[in-house]
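K.L.:
Next come a sequence and a model predicted from it.
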Amino acid sequence: TQLLEQSPQFLSIQEGENLTVYCNSSSVFSSLQWYRQEPGEGPVLLVTVVTGGEVKKLKRLTFQFGDARKDSSLHITAAQPGDTGLYLCAGAGGTSYGKLTFGQGTILTVHP
Amino acid sequence: DAGVTQSPTHLIKTRGQQVTLRCSPKSGHDTVSWYQQALGQGPQFIFQYYEEEERQRGNFPDRFSGHQFPNYSSELNVNALLLGDSALYLCASSLAGSSPLHFGNGTRLTVT
């Protein structure tokens, strides 16, 4: 059974601070995705990383896939209140994206 | 271009009853996956439907069943509801093997 451990579970910071969310597993994933979910809505895909060591940037968000494709991190620079939400990492074990293994999520609150 | 739509948005059922949830995939998508998200947790994979057949299944009992129709829409059925079935049920669609998931906003099921 593939498991993804996400940390921290809760993060409460002030506007302008930096933060990092970690996603770790003992299993190798063919790709790893990061989603953001707001209350009452479904998860929305932020990024997919496929290659070990890959780094992707999305404005103030930086995503990294570990060299061994077992772990990933999400770094947010100068967080803003609009970044508040539930961040989820999800791993895919094969070529099909349908069956994803999700971490338990990180609830981020950014205070103005 | 309509995204993934789910109905109903909210549902209250009594323990022991049966429930049917519905999902219409994003236009052009042919694969539907269902996930269960308990409060404060990441989504858990229930099953995936492609070409009207169940292609993959997660660790859920046989009380959970589904169907996909020729127009690619899908239903999730849960029999003999338990209190622990209370959760947000998410439907996600994709184009088999070639795209990431697009999630609907879910159906919030409460079992009393």
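P.N.:
Thanks, I have the structure now.
K.L.:
Would you mind listing what in chain B touches chain A?
P.N.:
For chain B, the contact set with chain A under CB under 8 Å from any CB of the partner chain comprises B:4, B:31, B:33, B:35, B:40-45, B:48, B:50, B:55-56, B:58, B:90, B:92, B:94, B:96-97, B:99-106. Just so you know, the C-beta spots here come from the backbone N, C-alpha and C atoms, and that holds for glycine as well.
K.L.:
let's see it at 6 Å
P.N.:
Within chain B, the positions adjacent to chain A are B:31, B:33, B:41-43, B:45, B:48, B:56, B:90, B:94, B:97, B:100-101, B:103-106 by CB under 6 Å from any CB of the partner chain.
K.L.:
Show me how to select, in PyMOL, the buried members of the residues you listed.
P.N.:
Restricted to buried positions by 16 or more other CB atoms under 10 Å in any protein chain shown, the PyMOL selection for the residues of chain B next to chain A reads:
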select buried, chain B and resi 31+33+42+43+45+48+90+94+100+101+103+104+105+106
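K.L.:
Below-threshold pLDDT in chain A: ranges please.
P.N.:
A:1, A:94-98 (pLDDT under 70).
K.L.:
Which stretches in it count as strands?
P.N.:
In chain A, the strands defined using DSSP state E lie at A:5-7, A:10-14, A:19-24, A:31-37, A:44-49, A:55-58, A:61-65, A:71-76, A:85-92, A:100-102, A:106-111.
K.L.:
What number of neighbouring residues does residue A:69 come out with?
P.N.:
21 (other CB atoms under 10 Å in any protein chain shown).
K.L.:
what's the answer for residue B:2, then?
P.N.:
8.
K.L.:
what sits against it?
P.N.:
Applying CB atoms under 6 Å, 6 or more residues apart in numbering or on different chains to residue B:2 gives no contacts.
K.L.:
Just confirm it is within a strand.
P.N.:
No - counting by DSSP: H, G, I helix; E, B strand; the rest coil, residue B:2 falls outside a strand, being coil.
K.L.:
that older thread, which of the strands of chain A sits closest to chain B?
P.N.:
Relative to chain B, the nearest member of these by CB to the nearest CB is strand A:100-102, separated by 3.4 Å.
K.L.:
Could you give the bridge partners of the residue most central in space within chain B?
P.N.:
Taking CA atoms, centre = their mean, the centroid of chain B lies closest to residue B:34, which sits 3.4 Å from it. Per DSSP bridges, residues listed as beta-bridge partners of residue B:34: residue B:47, residue B:91.
K.L.:
Tell me who's in contact with it.
P.N.:
By CB under 6 Å, 6+ apart, the neighbours of residue B:34 are B:46, B:47, B:76, B:91.
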